[in-house]
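*Asks:* Any chance you could fold what I've pasted below:
(2 chains)
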2 protein chains.
Amino acid sequence: MRLICCCSVLLLLFLVPRVCHTDNILVFPTEGSHWINMDILLQALHSRGHNVTILRSSKSWYIKDDKSYYNTITVPVERSLDQNFITKLISETLQFQRGSLPITNFLYLTFGMLGIFVEAHEAVCEFVTAILDDKSLMRNLKDSKFDLLITDPCWGGGVILAKYLNLPLVYNARWLIAGEGHLAIAPSPLSYIPITGSGHTDKMSFLERVKNVMLHVTNQMHNYLVVTQTYQKLCDKYLGPDNDFNLLALNADIWLMRVDFVFEFPRPTMPNVVYMGGFQCKPAKPLPQHLEEFVQSSGEHGVILMSLGTFVGEIPADMTNEIAAAFAKLPQKVIWRHKGDRPAALGNNTLLVDWMPQNDLLGHPKVKLFVAHGGTNGVQEAIYHGVPVVGLPLFFDQYDNLLRLTERGAAKMLTIETVDKDNNFLKAVEEVLTEPSYRINMQRLSRLHRDQPMKPLDTALFWIEFVMRHKGAAHLRSESYKLPWYSYHSVDVVLFLLTAALLILLIFVWILRSCLRLCFKRKIKSE
Amino acid sequence: MRLICCCSVLLLLFLVPRVCHTDNILVFPTEGSHWINMDILLQALHSRGHNVTILRSSKSWYIKDDKSYYNTITVPVERSLDQNFITKLISETLQFQRGSLPITNFLYLTFGMLGIFVEAHEAVCEFVTAILDDKSLMRNLKDSKFDLLITDPCWGGGVILAKYLNLPLVYNARWLIAGEGHLAIAPSPLSYIPITGSGHTDKMSFLERVKNVMLHVTNQMHNYLVVTQTYQKLCDKYLGPDNDFNLLALNADIWLMRVDFVFEFPRPTMPNVVYMGGFQCKPAKPLPQHLEEFVQSSGEHGVILMSLGTFVGEIPADMTNEIAAAFAKLPQKVIWRHKGDRPAALGNNTLLVDWMPQNDLLGHPKVKLFVAHGGTNGVQEAIYHGVPVVGLPLFFDQYDNLLRLTERGAAKMLTIETVDKDNNFLKAVEEVLTEPSYRINMQRLSRLHRDQPMKPLDTALFWIEFVMRHKGAAHLRSESYKLPWYSYHSVDVVLFLLTAALLILLIFVWILRSCLRLCFKRKIKSE
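*Replies:* Numbers count the residues shown, from 1 in each chain, chains lettered A, B, ... in the order given. Here you go, the predicted model:
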């Protein structure tokens, strides 16, 4: 018995995760649903004993001044990136989107709304300026001897701060200022890598590839227009000459990407890109009593969940009514996260809620279907718990996220333009409920996603701590992006070789001609 | 106490590696030093409870008919790929190499020795033909219901067998028929990815990039010439039409690559490429008594190891003598794996051995320096144990392997042409022994290499078992290689867009010209 106990102690010693010494981590986060992800990562870092310090603006909306597990430094700013701003952005997008073609929609998002995007990034720049101009704050930041800066690179402030403070940099990433992160960091042949917004998969027809290339070019232009008007100005002012913002953004030590290849199409990657898709997912906890009772009351028919995400509580009343009427016709019970007026056609089987424990509900065996807008978090949770989806994408990447599920036969997608026509919504819900392939496919994805050497969150934590242990991860980071484009793509070499080949050919032809002429002359002479 | 014991049992249950059900694994290995690697992987699979069956030819030299931990199927063949053949190949290479330029050396290896390479692969094809023509053997193989085929793709037989038997395929890889595996599977911009044999790093001058592109083209030609004369014929005969060998070779589920990014320069990779560099390395075991006594007798000066690998016991006598004389001048003790005549100038401090427990010696604290030829196994063991290297590359990838250490300041390299001139060897050994930076840099590499979420061997085993659990890993494998090259690189799209732009421009110019002409005419008329 004593032997077993000794063993158990030894085992415990062996099991306890690598003892981590306390590090100081500085965080420059992004607002909105991006903060939900970052928050999970930071809580995990805090629980591993690290000191986490967050820079937030005084007008911050999502990031609370909550000191329970991290320190916050609140920097006073004038301009606001608050809920009103985001709601304005989203409602404008949504209003435009209904009835427009995907291509015009993309172009509108890229250029039509350029002003709003520039405005948003200008607000971020004002926040960064307020930090950099506050001499006492900067002295404090320098004296704190941070080991690392973590940021979400869809806002560029963290990149500039990390360079200014000379700190190793880790991204919690999926997007840069414009476009998906991979497109900047890894070779991305546009022949099979669909640009977000294109609505294509990794198998494209010729015309789809034409569209894909054009969208990539517009994305690059969007990036150029936003960066030159915002972050590049900060670089020039605070980092001195020859600091190109786009190159600095590629200089991060580790890119923790919020996808994996169960969700994303297979594509080239780089050694310093670490996949942590689904890191926020966890086994379901028991439900609050009233919800558990409601769920159990569904009997053998089970429950449908519906949520259109963080930002969109209110959708147009005609759509809401169509959806409510469809739900009323089903034998299932429905839990609907809904913020607007109570739809007139609401059935007795439908429970409207302001908020729901989405992860715990998705993990409940009675839940049969998830009606979702296709935000990354919801899609990853649906994959983790193996619940098939009826998708109702609203904007941004949501269509493309849902497309990755429909391609694998795990979801059915509706468009916002047709959802309230011809009983489309009811038909889609019934199809996914009755056709077993949706559930079978989603559960296959769930098995693949869960079968990893390490949990995604543990992988993320390992690499964050790796960067702190080794003061960076330069050996994983290619510096090829510093090459000029014509060198990177060997255009200069190919031109040189073609010229050389042409010269050799010309010399050869000249020699041949000279020889022939000589022979010919001699022949004439001899004749 | 009971509680603790209960916990210990629970912990044990949690700790025991994922219970693996017994699988049948078929192996098509490669001879020579490649087998050393494969053997380690197969022993580990055997110890995890899998049935391993190896296909070997009756003329096999390295792969013994040892049934202790795997089943062997010996297939009678006429042609031999035995020690004599390999020795002939190597001595011819070595003889040519001494005194030749790297570029001529590369061209000679690529085209001058094409006949020998074709001969080697023809022998492999004869072996595969013998398997495929043996109806009873093929029936047995089909009835055995294998879950997986593992092969080293530098011989193409495994690829054809896996396709024929319709089995998931895992590579234990670094090389394909010609060239490094990454060049085939992942985008490889030649501007910063040095071709093996170029002798360049990931930072190249313009002329080096020109050479690199030319070497890549010759490699592709070498591959084309070998494959069309050997494996493609087998594909046409046994797999039916439209089975391109080069495409089949890209169809493996997982590529276990025998490198990591502590050794290799950072470069693009793919989701189904798994890095297991150094998987063969393990902590040192105690030395046999006579070796331990010899090592201890070195006192504070420590010990130098020297080994030029599996194949090269004998090096030219003049070189051997120069090396022996240099060793005799040192206060260190030397253990030299040497197979030829005893060099005349051998000092008392040097012990010649036929074989040595290299890993255990490298892990001994008294060992200060490793004189090595730069084979992958030796280089990885030196990194693992943090022992600096004096490199003496002979052929193939050895120069490039050692270059990866010299670039990181962890090795000093000599060439076989200059090793016996001007005390070069003695100077190099003394420099690495006395200049602390070599040891410091190598130990930094060692720390980086060992700091991984999982041990490389465990990573390899996880992914092999993953492929068996899920009957493949299609979700990690891009099928972009099936696109024609002009589509893959969007050449067709770019030409289309340029043509469209030109047309629009022409129409615009035409309209402008017509308008101007019209205006002009009217003006003349009115005048």
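
*Asks:* Helix or strand for the residue in the stretch 201-350 of chain A positioned nearest to chain B, just tell me which one.
*Replies:* Taking Cβ to the nearest Cβ as the measure, the stretch 201-350 of chain A has A:Pro266 as its residue closest to chain B, at 4.2 Å. Backbone N, C-alpha and C define where each C-beta goes, glycine included. Element membership of A:Pro266, judged by DSSP states H and E, is empty: it is in no helix or strand.

*Asks:* How many neighbouring residues does A:Arg48 have?
*Replies:* Taking other Cβ atoms under 10 Å in any protein chain shown as the criterion, the count of residues near A:Arg48 is 16.

*Asks:* Which residue does the stretch 101-250 of chain A have closest to chain B?
*Replies:* Checked against chain B (Cβ to the nearest Cβ), the nearest residue in the stretch 101-250 of chain A is A:Pro187, 3.7 Å away.

*Asks:* Can you give the contact residues for whichever strand or helix holds A:Ala123?
*Replies:* When elements are defined using DSSP H and E, A:Ala123 is found to belong to helix A:114-133. Here helix A:114-133 makes contact (Cβ atoms under 8 Å, 6 or more residues apart in numbering or on different chains) with A:55, A:57, A:75-81, A:85, A:88-89, A:92, A:137-138, A:155-157, A:160-161, A:164, A:177, A:222, A:225-226, A:229-231, A:233-234, A:238.

*Asks:* Go ahead and measure how far that helix is from the middle of the chain.
*Replies:* Once both centres are worked out by Cα atoms, centre = their mean, to the nearest Å, helix A:114-133 turns out to sit 21 Å from its chain's centre.

*Asks:* From the contacts of helix A:114-133, list just the buried residues.
*Replies:* When burial is judged by neighbour count using 16 or more other Cβ atoms under 10 Å in any protein chain shown, the buried members of these are A:55, A:57, A:75, A:77, A:79, A:81, A:85, A:89, A:155-157, A:160-161, A:164, A:177, A:222, A:225-226, A:230-231, A:234, A:238.

*Asks:* Show me the residue at the heart of chain A, geometrically.
*Replies:* In chain A, the centroid-proximal residue (Cα atoms, centre = their mean) is A:Arg174; its distance is 2.9 Å.

*Asks:* gap between it and A:Val226?
*Replies:* Separation of A:Arg174 from A:Val226 (Cβ to Cβ, to the nearest Å) stands at 17 Å.

*Asks:* mind checking the longest helix of chain A?
*Replies:* Of all the segments of type helix in chain A, defined by DSSP state H, the longest one is helix A:491-526.

*Asks:* Which elements pack onto it?
*Replies:* For helix A:491-526, the helices and strands in contact under the criterion 3 or more Cβ pairs under 8 Å, 6 or more residues apart in numbering or on different chains; DSSP states H and E are helix B:206-229.

*Asks:* and after the helix it packs on, which helix or strand comes next?
*Replies:* helix B:231-234.

*Asks:* now that next one, how far from the centre of its chain.
*Replies:* Helix B:231-234 has its C-alpha centroid displaced from the chain centroid by 23 Å (Cα atoms, centre = their mean).

*Asks:* So what touches that helix?
*Replies:* The contact list for helix B:231-234 (Cβ under 8 Å, 6+ apart) reads B:His121, B:Cys125, B:Val128, B:Thr129, B:Leu132, B:Gly156, B:Gly157, B:Val159, B:Ile160, B:Ile177, B:Asp244, B:Phe245.

*Asks:* Tell me, how many residues neighbour the first one?
*Replies:* B:His121 sits with 21 neighbouring residues when counted by other Cβ under 10 Å.

*Asks:* just the third one next, same as before
*Replies:* Residue crowding around B:Val128 was assessed by other Cβ under 10 Å; the count is 27.

*Asks:* got the contact list for the nearest residue to the residue of the stretch 101-250 of chain A closest to chain B once chain neighbours are set aside?
*Replies:* Closest residue in space to A:Pro187, ignoring its immediate chain neighbours: B:Pro187 at 3.7 Å, by Cβ to Cβ, 6 or more residues apart in numbering or on different chains. Taking Cβ under 8 Å, 6+ apart as the criterion, B:Pro187 is in contact with A:Pro187, A:Pro189, A:Pro268, B:Pro268.

*Asks:* Would you format these as JSON lines with secondary structure, distance to A:Ser144 and pLDDT included?
*Replies:* Converted to JSON lines, the contacts of B:Pro187 look like this (DSSP: H, G, I helix; E, B strand; the rest coil; distance: Cβ to Cβ, whole Å; pLDDT from 0 to 100):
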{"residue": "A:Pro187", "secondary structure": "coil", "distance to A:Ser144": "38", "pLDDT": "97"}
{"residue": "A:Pro189", "secondary structure": "coil", "distance to A:Ser144": "43", "pLDDT": "97"}
{"residue": "A:Pro268", "secondary structure": "coil", "distance to A:Ser144": "38", "pLDDT": "98"}
{"residue": "B:Pro268", "secondary structure": "coil", "distance to A:Ser144": "36", "pLDDT": "98"}
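
*Asks:* Return the member of the residues you listed nearest to B:Val371.
*Replies:* Checking those against B:Val371 by Cβ to Cβ gives B:Pro268 as the nearest, at 34.3 Å.

*Asks:* which parts of the stretch 101-250 of chain A sit against chain B?
*Replies:* A:186-187, A:189-192, A:202-203, A:206, A:209-210, A:213-214 (Cβ under 8 Å from any Cβ of the partner chain).

*Asks:* Would you point out the most distant pair within these?
*Replies:* The two members of those with the most space between them (Cβ to Cβ) are A:Ala186 and A:Phe206, at 24.3 Å.

*Asks:* neighbour count winner among the two?
*Replies:* With neighbours defined as other Cβ under 10 Å, A:Ala186 and A:Phe206 compare such that A:Ala186 has more, 20 against 11.

*Asks:* Following the chain past the worst-scoring helix or strand of chain A on mean pLDDT, name the next helix or strand.
*Replies:* For chain A, scoring each helix and strand by mean pLDDT, DSSP states H and E identifies helix A:2-15 as the least confident one, at a mean of 42. Beyond helix A:2-15 on the C-terminal side, the first helix or strand identified by DSSP H and E is strand A:24-28.

*Asks:* quick one: strands adjacent to that next one?
*Replies:* Within its sheet, and counting by DSSP bridges, strand A:24-28 is paired with strand A:51-57 (parallel), strand A:148-151 (parallel).

*Asks:* Now the helix or strand just after that strand: buried residues?
*Replies:* Scanning the chain past strand A:24-28 towards its C-terminal end, the next helix or strand to appear is helix A:33-47 (assignment: DSSP H and E). Applying a neighbour-count criterion of 16+ other Cβ under 10 Å, the buried positions in helix A:33-47 are A:Ser33, A:His34, A:Trp35, A:Asn37, A:Met38, A:Asp39, A:Ile40, A:Leu41, A:Leu42, A:Ala44, A:Leu45.

*Asks:* which one of these sits closest to chain B?
*Replies:* Using Cβ to the nearest Cβ, the buried residues of helix A:33-47 come closest to chain B at A:Ala44, 15.2 Å.

*Asks:* Report the contact partners of the closest one.
*Replies:* Applying Cβ under 8 Å, 6+ apart, one finds that A:Ala44 lies in contact with A:Leu457, A:Ala460, A:Leu461.
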